[in-house]
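Asks: sharing a model prediction with you, sequence too.
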Amino acid sequence: MKIAGLLKYIFMVFGFWVIGLSPAWAQIEASPTFSYDTRHTISEIMSTMADPAAWVLWNPTEEFDDDGSFVIPDDDDFWNNLRNKAVILGEVANLINMPGRVSNNRREETAAEVVLSAEEFEALIKEQRPAWEAYSAALTNIAAQYYQAAQARDASAYDWEGGLGAQMNTVCASCHLQFWYPK
């Protein structure tokens, strides 16, 4: 009898909880559109997400063997970190292509002769959108390869000669030469 009463109480509390959430849930579902929050600029995304992730993927460890190759530890934390950095790098390409995302290039006055202003950068992206998206797709592809390499614990993927680092360097440098400092 006590168990039946307890079950009845639990179901009653659960029912009130569900009913109490129903208006909030209906309001969430009734939301007409989702609006992207693009308050962070391309420059901020690149400096806070892309650069740190790429640096770890380019330089996964500070230890080298006699041949100059990275000494890659075989522990879960190391490979999980590389996998996580690959995910971040891949998502950067999505973030910088969101509608409404602006540049806000931060350039030093000494670099003004080389680096585009935010306005010049944004105009160039609009003018050459297919190339911008192609570089973004290439970055996503490299990040996916890094992710697969981390999943497989493939240390050879992190060698500069024949590894993914040289490919990523080509993609990044080519995009920067075309869109960031083409002067």
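Replies: That came in fine, so what should we check first? Residues are numbered from 1 along each chain as shown.

Asks: any idea of the pLDDT on the residue nearest to Lys183 when sequence neighbours are not counted?
Replies: Once flanking residues are discounted, Lys183 sits nearest to Val114: 5.3 Å by C-beta to C-beta, 6 or more residues apart in numbering. From N, CA and C alone the C-beta is placed, and that goes for glycine too. Per-residue pLDDT puts Val114 at 74.

Asks: just give the number of residues close to Val114.
Replies: Neighbour count of Val114, defined by other C-beta atoms under 10 Å: 12.

Asks: for Ala54, see how far away it is.
Replies: According to C-beta to C-beta, to the nearest Å, Val114 and Ala54 sit 21 Å apart.

Asks: how about Ala157?
Replies: Distance, Ala157 to Ala54, using C-beta to C-beta: 14 Å.

Asks: more neighbours: which of those two?
Replies: Neighbours per residue (other C-beta under 10 Å) separate Ala157 from Ala54, with Ala54 holding more: 24 against 21.

Asks: give the contact list for the more buried one.
Replies: 85, 89, 168, 172 (C-beta atoms under 8 Å, 6 or more residues apart in numbering).

Asks: show me the shaky parts of this protein.
Replies: 1-32, 105-112 (pLDDT under 70).

Asks: can you pull out the helices in it?
Replies: Shown for the chain, the helices assigned by DSSP state H span residues 2-30, 42-45, 51-58, 76-95, 118-127, 129-152, 164-179.

Asks: which one is Thr41 nearest to, not counting chain neighbours?
Replies: Asn104 (3.7 Å).

Asks: and Ala150, how many neighbours?
Replies: 23.

Asks: 12 is where my numbering starts, stick with that
Replies: Yes, from this point I'll number from 12; that puts the last item at Ala161.

Asks: what sits against it?
Replies: Counting by C-beta under 8 Å, 6+ apart, Ala161 has contacts 90-91, 93-94, 97.

Asks: at 10 Å what do you get?
Replies: Ala161 makes contact with 68, 71, 89-98, 168-169, according to C-beta atoms under 10 Å, 6 or more residues apart in numbering.

Asks: just Ile56 next, same as before
Replies: The contact partners of Ile56, taken as C-beta under 10 Å, 6+ apart, are 49, 62, 102-104, 106-107, 109, 112.

Asks: show me how the record splits the chain into domains.
Replies: Domains of the chain are assigned by automatic domain parsing as 12-45, 53-190.

Asks: so which of those is the most surrounded?
Replies: Ranked by mean neighbour count, those are led by domain 53-190 with a mean of 16 (mean count of other C-beta atoms under 10 Å).

Asks: can you measure across that domain, start residue to end residue?
Replies: Start-to-end span of domain 53-190 (C-alpha to C-alpha, to the nearest Å) is 12 Å.
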